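1. need a structure here:
(one chain, ligands or ions: 2)
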Amino acid sequence: MGKTLYDKIYDKHVVYSGEDQPSILYIDLHLIHEVTSPQAFEGLRLNNRHVRRPDLTVATMDHSIPTTDRSIPFRDDVAKKQVRTLEENCHDFGIRLFDLTSEHQGIVHVIAPELGITQPGQTIVCGDSHTSTHGAFGALAFGIGTSEVEHVLATQTLKQDKAKTLAINIEGELPKGTSAKDLILSLIGKLGHDFATGYVIEYRGEVIRHLTMEERMTVCNMSIEMGARAGLIQPDDVTFNYIKNKKYAPKDELWDDALIEWRSLYTDDDAVFDKTVDFDVSVVVPQVTWGTNPGQVAGITDVVPSIDSLPFDQRKAGEKSLQYMGVSSNTPFEEVKLDKVFIGSCTNSRIEDLRKAAKIVSGYKVADSVTALVVPGSQRVKRQAEEEGIDQIFIKAGFDWRESGCSMCLGMNEDIVLEGERCASTSNRNFEGRQGKGARTHLVSPEMAAAAAITGHFVDVRNWVTREREEVRSW
Ligand SMILES: CC(C)[C@H](C(=O)O)[C@@H](O)C(=O)O
Ligand code: SF4
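-> Ligands and ions are numbered 1, 2, ... in the order given. Modelled structure (predicted):
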């Protein structure tokens with residue numbers, strides 16, 4: 001029987017397998033950030049251990065850092081301590097760190113791909129659940145806990161049981177005005193937020209092959225929001241062209257060797273998955289979440305659901321979500337008003353996302369009732385946007401244009417949504433309190449967020465370009 005892409009990568013990295021315990025996998029790349037690494041280094045110090053492969057460990061600071069002027073001292077003592085500790089640890093253990101002064105700093109899942117550090121066939125771990133993002137390159141990438149971070153630092157290996165495999169065949173044609181974000185949100189909506197628990201997903205099919213690398217990253221990023229251990233996409237020429245000439249990509253003969261190896265990374269025709277799902281995207285419309293998990297989502301043309309309209313087993317959770325979100329059943333989404341708009345996060349803060357949002361914003365002004373911010377995923381994305389004049393489009397419209405980081409995605413810095421406020425966000429989680437205590441989050445695509453910032457409420461972005469400017473103003 002043939003092997004799946006997952007089997008191939010997993011099997012190649014097994015360094016020990018015993019009957020009675022999980023296999024031990026070799027880890028090719030360990031990404032670390034300031035939030036989940038301090039205790040792991042503390043553990044190393046206590047046990048007098050060193051980092052086994054500092055050269056395969058890469059650090060950045062992203063979660064708790066301010067996104068305003070970097071020359072101003074930190075106001076938050078906890079954040080300051082986390083950042084200082086990461087600096088000290090990287091210095092003491094000889095680890096490459098992209099700190100706040102680095103031109104390569106940014107969200108961990110944005111910078112590793114854009115620097116060519118993420119490569120097909122690798123095993124990649126990070127003390128962060130959205131490590132699944134890197135699966136877009138055909139790498140087996142997943143989040144780990146802090147004690148596992150310590151284990152990987154000390155040994156460059158990790159105990160890991162084999163997961164079950166789930167093939168999601170995505171066919172059809174993504175309709176105009178919808179995006180990779182709508183694709184993954186509607187998929188989670190259809191399957192449920194825990195459908196893939198215990199599985200590694202391989203996204204397959206025509207639609208996936210036609211996505212850009214940045215779009216593939218958006219899809220894989222949210223695998224974890226379906227409960228999956230990881231999400232994978234078979235690498236192809238789109239992948240190789242993206243990596244080629246990146247700073248840390250293999251060069252010359254090493255590139256040729258790498259290509260030969262990467263081209264062997266595919267699921268054999270006769271491989272069997274534990275579970276298979278087909279998904280036709282032709283009917284996808286722009287998505288808006290209405291609840292407190294990403295599976296509680298609907299199309300912009302729908303109304304906020306009533307409890308009775310939900311499947312029986314989802315009614316209790318649905319009722320609680322609706323209460324928290326403060327939205328009434330049967331309200332059309334286009335009537336839901338917003339206080340904040342956040343364009344950013346490791347799901348949607350790359351240059352293509354900012355370009356798409358800027359296209360919507362161009363020539364308009366943010367609604368008086370809305371505070372809107374754009375937080376590029378990395379310093380590189382920020383520079384690129386500034387070179388293209390995208391920053392000016394946002395600034396002229398009244399958006400805040402910030403330094404790179406996680407920011408309002410989880411509100412670990414000053415960028416928070418206040419209690420009771422409602423935010424359209426391009427991030428990946430709408431959990432209770434995610435963007436601040438009592439904050440209400442609606443997940444959307446960058447285009448939908450941009451349009452909502454202008455009108456002050458959700459709008460169907462598919463109509464945006466066809467409407468006259470004056471009409472849009474009066475919405
Ligand atoms: C802080 C970190 C551990 C966390 C994660 O694991 O994902 C964060 O990145 C998130 O998105 O919730
Ligand atoms: S941007 Fe959000 S989801 Fe991504 S790593 Fe940061 S906090 Fe987690």
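2. Just confirm Phe342 is within a helix.
-> No - applying DSSP: H, G, I helix; E, B strand; the rest coil, one finds Phe342 to be strand, outside a helix.
3. contacting residues for it?
-> By CB atoms under 8 Å, 6 or more residues apart in numbering, Phe342 lies in contact with 372-373, 375, 407-409, 415, 417, 423-427, 435, 449. (Glycine included, C-beta is placed from N, CA and C.)
4. Name the SS class of the closest residue to ligand 2 within the stretch 251-400 of the chain, please.
-> Using CB to the nearest ligand atom, the closest approach of the stretch 251-400 of the chain to ligand 2 is made by Cys346 at 3.3 Å. For Cys346, the assignment made with three-state DSSP gives coil.
5. Do I have it right that it meets Val110?
-> Yes - under the criterion of CB atoms under 8 Å, Cys346 makes contact with Val110 at 5.9 Å.
6. Which neighbours do those two have in common?
-> Contact criterion CB under 8 Å, 6+ apart; residues shared by Cys346 and Val110: Gly377.
7. sorry, back to before: what's around the residue of the stretch 251-400 of the chain closest to ligand 2, how many residues?
-> 26 (other CB atoms under 10 Å).
8. Next up, the contacts around it.
-> So Cys346 contacts Ile107, Val108, His109, Val110, His130, Thr133, Asn221, Gly377, Cys406, Cys409, Asn428 (CB under 8 Å, 6+ apart).
9. Wait, a helix at the third one?
-> Yes - remark: His109 belongs to a helix, assigned using three-state DSSP.
10. Output the set of residues of the protein in proximity to ligand 1.
-> Counting by CB under 6 Å from any ligand atom, the residues of the chain close to ligand 1 are Val35, Thr36, His63, Asp128, Ser129, His130, Gly143, Leu410.
11. Tell me if I'm right that the second one and Val149 touch.
-> Yes - contact criterion CB under 8 Å: Thr36 and Val149 qualify, at 6.0 Å.
12. Okay, now stretch 154-170: how far is its last residue from its first?
-> One end of stretch 154-170 to the other measures 40 Å (CA to CA, to the nearest Å).
13. Pull out the buried positions in it.
-> In terms of neighbour count (16 or more other CB atoms under 10 Å), stretch 154-170 has its buried residues at 154-158, 160, 162-163, 165-170.
14. can you pull the pLDDT of Glu468?
-> If you check Glu468, the pLDDT there is 44.
15. I should have written Gly295 there, sorry.
-> Note on Gly295: pLDDT of 98.
16. residue contacts, the residue lying closest to it once chain neighbours are set aside?
-> Spatial nearest neighbour of Gly295, chain neighbours left out: His193 (3.6 Å); criterion: CB to CB, 6 or more residues apart in numbering. Residues in contact with His193, defined by CB under 8 Å, 6+ apart, are Glu225, Met226, Gly227, Asn293, Pro294, Gly295, Gln296.
17. so how far is ligand 1 from the nearest residue to the first one once chain neighbours are set aside?
-> Right, the one you point to is Glu225. Leaving aside its chain neighbours, Glu225 sits nearest to Pro294 (4.3 Å; criterion: CB to CB, 6+ apart). Per CB to the nearest ligand atom, to the nearest Å, Pro294 is found 12 Å from ligand 1.
18. what's the longest strand in this protein?
-> Secondary structure of the chain read by DSSP state E shows that its longest strand is strand 164-171.
19. strand partners of that strand, parallel vs antiparallel please.
-> In the sheet, strand 164-171 lines up against strand 199-204 (parallel), strand 275-280 (parallel) (DSSP bridges).
20. how about the last one as PDB, C-alpha atoms only?
-> In PDB, the C-alpha atoms belonging to strand 275-280 read as follows (Å, rounded to 0.1, in the frame of the first residue of the first chain):
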ATOM      1  CA  LYS A 275     -11.100   9.700   6.700                       C
ATOM      2  CA  THR A 276     -11.900  11.600   3.400                       C
ATOM      3  CA  VAL A 277     -14.100  14.600   3.000                       C
ATOM      4  CA  ASP A 278     -15.100  16.400  -0.300                       C
ATOM      5  CA  PHE A 279     -15.800  20.100  -0.200                       C
ATOM      6  CA  ASP A 280     -17.100  22.100  -3.200                       C
END
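21. what about the following helix or strand past it, distance to the chain center?
-> Past strand 275-280, further along toward the C-terminus, the next helix or strand under DSSP states H and E is strand 287-289. The chain centroid and the centroid of strand 287-289 are separated by 16 Å under CA atoms, centre = their mean, to the nearest Å.
22. name the helices or strands packed onto strand 287-289?
-> When contacts are defined as 3 or more CB pairs under 8 Å, 6 or more residues apart in numbering; DSSP states H and E, strand 287-289 sits against helix 180-191, strand 297-299, strand 440-443.
23. List the buried residues of the shortest one.
-> Right, the one you point to is strand 297-299. Neighbour-count burial for strand 297-299, with 16+ other CB under 10 Å as criterion, is recorded at Val297, Ala298, Gly299.
24. what's the answer for the first one, then?
-> For helix 180-191, the buried set under the neighbour-count rule, 16+ other CB under 10 Å, comprises Ala180, Lys181, Asp182, Leu183, Ile184, Leu185, Ser186, Leu187, Ile188, Gly189, Leu191.
25. Columns pLDDT and distance to ligand 2 on top of those residues, output as JSON lines?
-> Putting those into JSON lines (pLDDT from 0 to 100; distance: CB to the nearest ligand atom, whole Å) gives the following:
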{"residue": "Ala180", "pLDDT": "98", "distance to ligand 2": "16"}
{"residue": "Lys181", "pLDDT": "98", "distance to ligand 2": "13"}
{"residue": "Asp182", "pLDDT": "98", "distance to ligand 2": "18"}
{"residue": "Leu183", "pLDDT": "98", "distance to ligand 2": "18"}
{"residue": "Ile184", "pLDDT": "98", "distance to ligand 2": "14"}
{"residue": "Leu185", "pLDDT": "98", "distance to ligand 2": "15"}
{"residue": "Ser186", "pLDDT": "98", "distance to ligand 2": "20"}
{"residue": "Leu187", "pLDDT": "98", "distance to ligand 2": "18"}
{"residue": "Ile188", "pLDDT": "98", "distance to ligand 2": "15"}
{"residue": "Gly189", "pLDDT": "98", "distance to ligand 2": "19"}
{"residue": "Leu191", "pLDDT": "98", "distance to ligand 2": "20"}
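26. Pick the one among the residues you listed closest to Glu334.
-> Among the buried residues of helix 180-191, Asp182 lies closest to Glu334 (CB to CB), at 16.2 Å.
27. if I pick the closest one, what's in contact with it?
-> Applying CB under 8 Å, 6+ apart, we find Asp182 in contact with Leu174, Val284, Val285, Pro286, Gln287, Ser445.
28. Show the model's pLDDT score for the fifth one.
-> For Gln287, the model assigns a pLDDT of 98.
29. and the residue of this protein nearest ligand 1?
-> Ser129 (3.5 Å).
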